[in-house]
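In: no sequence for this one, just the structure:
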């Protein structure tokens, strides 16, 4: 993925219990229920070498969300702007450095309900999966990391896995079952021709080939 944008439109209805309202009347700005329409535009520019644990490249994401409350009693509408940028660098000798900067602000509304003032600790985590929570109209976060690549698979294995990913699963099934007896190899020619009634060895080999 290099550059992608997404537009999301949704309708929401929220209601809180009498207990929550009694403990914090400002949870929904004096209301026990509310309805609103929300539109979000998210643009992502991803140039990282991998998605799960990136080591090199950069990542940029911007999001603009507008929330319009509806109904007889309603809260002030507002917009949320989020920006996030990360940079990943190779320092050599298996060392990698990463830095990320994120910021969020809410616009237009003179005051916000407690439920709308979420800052850090919800979708933006301060450190790993620890539960650090901070509410507010504005928030920012700077994160840094240093990684050491302790082990990597040999190039021959990496090349083999890359080739296997390009082969359709039904051809993998054929190649894995050809060494078996002729009757099974002739019958099992792909996912659509490999029923569960075959012997267990045939089914296991097909499933393993299909997952790859």
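Out: Yep, that arrived. Computed from a predicted structure; not experimentally measured.
In: any idea which helix or strand of this structure has the worst average confidence?
Out: helix 200-211 (a mean of 40; mean pLDDT, DSSP states H and E).
In: and residue 166, how far is that from residue 48?
Out: Applying CB to CB, to the nearest Å, the value for residue 166 to residue 48 is 22 Å. Where C-beta positions appear, they are placed from N, C-alpha and C, glycine not excepted.
In: out of those two, which sits in the more crowded spot?
Out: Regarding residue 166 and residue 48, a neighbour count based on other CB atoms under 10 Å identifies residue 48 as having more, with 18 against 6.
In: What's the local residue count around residue 103?
Out: 15.
In: Sorry, wrong one. I was asking about residue 78.
Out: 20.
In: repeat for residue 6
Out: By other CB under 10 Å, the residues close to residue 6 number 10.
In: Write down the beta-bridge partners of it, one by one.
Out: residue 42 (DSSP bridges).
In: If I follow the layout properly, it ends up in contact with residue 42?
Out: Yes. At 5.0 Å, residue 6 counts as touching residue 42 under the criterion of CB atoms under 8 Å.
In: what distance separates the start and the end of stretch 16-31?
Out: End-to-end distance for stretch 16-31, by CA to CA, to the nearest Å: 9 Å.
In: Pull out the buried positions in that stretch.
Out: 16, 21, 27, 28, 29, 31 (16 or more other CB atoms under 10 Å).
In: Can you give the domain ranges for the chain?
Out: 3-148, 155-211 (automatic domain parsing).
In: Of those domains, which shows the lowest average pLDDT?
Out: The weakest mean pLDDT among those belongs to domain 155-211, with a mean of 49.
In: Apart from its neighbours in sequence, what residue is nearest residue 76?
Out: Nearest non-adjacent residue to residue 76, counting by CB to CB, 6 or more residues apart in numbering: residue 109, 4.2 Å away.
In: Where does that neighbour sit: helix, strand or coil?
Out: What DSSP: H, G, I helix; E, B strand; the rest coil gives for residue 109 is coil.
In: That one and residue 67, how far apart?
Out: 9 Å.
In: So between these two, which is more surrounded?
Out: Between residue 109 and residue 67, residue 67 has the larger neighbour count (other CB under 10 Å), namely 21 against 17.
In: Just the element for the more buried one, please.
Out: Following DSSP states H and E, the helix or strand that holds residue 67 is strand 57-70.
In: next helix or strand past that strand?
Out: Counting by DSSP H and E, what follows strand 57-70 is strand 78-92.
In: between that following strand and strand 57-70, how big is the angle?
Out: 170 degrees (axes from the mean of the first three to the mean of the last three CA atoms, to 10 degrees).
In: Which positions in strand 78-92 come out as buried?
Out: Buried residues in strand 78-92, counting neighbours by 16+ other CB under 10 Å, are found at 78, 80, 82, 84, 86, 87, 88.
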